[in-house]
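Novice: Structure of the sequence below:
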Amino acid sequence: MKQQRKYFGTDGIRGTVGTEPITPEFILKLGWAIGRVLQNGYNKNKVLIGKDTRISGYMFESALQAGLSAAGMDIRLLGPMPTPAIAYLTRTFHAVAGIVISASHNPFPDNGIKIFSGDGTKLPDEVELAIEAKMGEPMQTVAPGKLGKAERIDDAAGRYIEYCKSTIPFAVTLKGFKIVVDCAHGATYHTAPNVFRELGASVETIGTQPNGLNINAGYGATQPQALQTAVSYQNADLGIALDGDGDRVVMIDASGEIVDGDELLFIIAKARHEAGTLREPVVGTVMSNLGLQQALEKQGIKFERAAVGDRYVIEMLQLQGGNLGGETSGHVICLDRTTTGDGIITALQVLAISVQTGLPLNMLKTGMQKCPQRMINVPITPGLEIVSQPSIQDAVRKAEQQLNNQGRVLLRPSGTEPLIRVMVEGVDMQQVETVVHQLAEAVKAEL
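Specialist: Here you go, the predicted model:
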């Protein structure tokens with residue numbers, strides 16, 4: 001049984017700024033603890049720090065820098081950069097770790113810390129536990145002559161742009177495509193548009209004017225309505241919506257329809273399978289639409305489900321030897337291209353398939369029919385255990401009986417927000433709506 005972690009969740013440490021643990025004092029100590037643990041375990045002393053566009057990122061960047069320096073670690077500052085860019089640059093700079101200051105798709109009052117290991121993957125549980133243990137020790141500064149130094153990497157964006165472009169064949173050009181790119185006023189605002197422009201596309205942008213307070217506000221992968229409007233208004237071929245830190249993407253086809261993470265995963269898996277480059281299984285999560293599983297199996301592609309969270313998708317891929325997986329939300333992991341979910345790289349894989357097949361986005365997803373699915377988020381008090389309560393288990397059994405073995409019911413606490421996610425999937429949308437609302441009301445009643 002895995003030891004319970006105190007601070008780290010499924011995607012790092014996250015919360016509201018000014019509320020424990022997302023305070024300058026905590027982040028200072030965290031930087032020191034990271035430095036001490038990694039210094040003890042590796043013969044390296046360089047850590048990269050990047051951030052998204054939240055105003056609190058300035059404060060936490062300084063706090064992390066001070067803590068790492070106190071532990072004797074050198075620091076390389078990247079400034080605002082997408083989360084997957086920090087994973088990539090951590091590898092290319094041969095750093096011991098890359099630290100991301102971001103709360104991903106959450107609103108600006110939240111922030112968080114994610115840590116990549118030297119090979120660009122999420123830290124193993126045992127290293128996170130060691131950092132948490134170190135947090136309980138008194139903070140001691142190294143001798144003055146051993147303090148870490150900090151330098152700023154001025155060409156980080158350019159390095160990442162070139163890397164993204166290299167993930168599709170050199171002969172593929174996006175000339176003739178008109179694309180609208182929505183950067184959610186987040187970390188991709190100065191990279192994503194340039195990637196698609198440099199590959200030849202005509203690019204219009206929205207959500208590219210961050211002010212520290214507007215990240216994810218009405219734009220991006222979690223709120224693609226503005227992009228749907230823009231694609232129609234611009235008469236574009238498609239739209240690309242990234243989230244605040246750039247690790248997830250949804251796309252909009254020419255008719256304004258959303259193409260979500262499940263459909264993007266199907267498009268890439270089918271193309272890789274036909275090209276003979278797919279290593280099975282394809283890995284989704286317990287939230288992945290049943291239609292994805294059915295469509296892949298019809299193609300003769302094995303499909304497995306992991307727990308929610310890109311780290312668990314990656315763990316299962318590595319365990320079973322697969323190279324492609326993802327989540328409905330738009331975290332798609334192409335392990336033959338990168339080490340983590342990357343919205344820009346995912347979009348590029350789909351665009352390259354469109355170029356090579358001559359098919360528009362809406363035609364690429366032909367062969368997959370999503371089952372009716374509905375999810376309701378029920379706010380709860382942080383730390384409250386409710387899913388295992390007898391009344392809730394009874395409500396789940398009743399919901400499953402109503403679906404008559406022709407659907408799925410899932411209740412799970414969010415790993416990033418104080419919410420219970422109530423999901424129902426079936427064959428009839430009206431029945432799904434009825435059952436999901438009944439189940440959500442049962443959860444609210446228990447609260």
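
Novice: the helices in the stretch 251-400 of the chain, which residues?
Specialist: Counting by DSSP state H, counting those that start in this stretch, the stretch 251-400 of the chain forms helices over residues 261-275, 290-298, 310-320, 343-357, 361-364, 390-403, given from the N-terminal end onward.

Novice: Would you mind putting the ones you listed into TSV with mean pLDDT and mean neighbour count alongside?
Specialist: For glycine as for every other residue, the C-beta is placed from the backbone atoms N, C-alpha and C. Shown next, in TSV, are the helices of the stretch 251-400 of the chain (pLDDT from 0 to 100; neighbours: other CB atoms under 10 Å):
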stretch	mean pLDDT	mean neighbour count
helix 261-275	98	23
helix 290-298	95	18
helix 310-320	94	20
helix 343-357	98	23
helix 361-364	97	18
helix 390-403	89	15
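
Novice: Quick check: the nearest residue in space to residue 325 that is not next to it in sequence vs residue 275, distance?
Specialist: Once flanking residues are discounted, residue 325 sits nearest to residue 283: 3.4 Å by CB to CB, 6 or more residues apart in numbering. Taking CB to CB, to the nearest Å as the criterion, residue 283 is separated from residue 275 by 19 Å.

Novice: swap in residue 333?
Specialist: The separation that residue 333 has from residue 275, given CB to CB, amounts to 18 Å.

Novice: Dead centre of the chain: give me the residue that sits there.
Specialist: With distances taken as CA atoms, centre = their mean, the chain has residue 247 as the residue nearest its mean C-alpha position (4.2 Å).

Novice: isn't it right up against residue 329?
Specialist: No: assessed by CB atoms under 8 Å, residue 247 is found out of contact with residue 329, at 9.9 Å.

Novice: number of nearby residues for residue 408?
Specialist: The burial metric for residue 408, expressed as a neighbour count using other CB atoms under 10 Å, is 18.

Novice: actually residue 207, not the one I wrote
Specialist: Neighbouring residues of residue 207 were enumerated by other CB under 10 Å; the total is 29.

Novice: contacting residues around it?
Specialist: Applying CB atoms under 8 Å, 6 or more residues apart in numbering, we find residue 207 in contact with 182-186, 189, 219-220, 226.

Novice: Which one of the residues you listed is nearest to residue 407?
Specialist: Sorting these by distance to residue 407 puts residue 220 at the head of the list, at 29.8 Å, by CB to CB.

Novice: any idea how far the residue lying closest to the closest one once chain neighbours are set aside lies from residue 207?
Specialist: With CB to CB, 6+ apart as the measure, residue 184 is the residue that lies nearest to residue 220, at 2.7 Å, once sequence neighbours are left out. From residue 184 over to residue 207 the distance is 5 Å, taken as CB to CB.

Novice: shared neighbours, the two?
Specialist: Overlap between the neighbourhoods of residue 184 and residue 207 consists of 219-220, taking contacts as CB under 8 Å, 6+ apart.

Novice: Tell me how many other residues crowd the closest residue to residue 340 other than its chain neighbours.
Specialist: Once its chain neighbours are removed from consideration, residue 340 has its nearest residue in residue 87; the separation is 4.8 Å (CB to CB, 6+ apart). For residue 87, the number of neighbouring residues by other CB under 10 Å comes to 26.

Novice: Verify the contact between residue 87 and residue 338 for me.
Specialist: Yes: proximity of residue 87 to residue 338 meets the contact threshold set by CB under 8 Å, at 7.3 Å.

Novice: Can you check which residues contact both of those two?
Specialist: Common neighbours of residue 87 and residue 338, using CB under 8 Å, 6+ apart, are residue 120.

Novice: Please consider this matter closed, and thank you.
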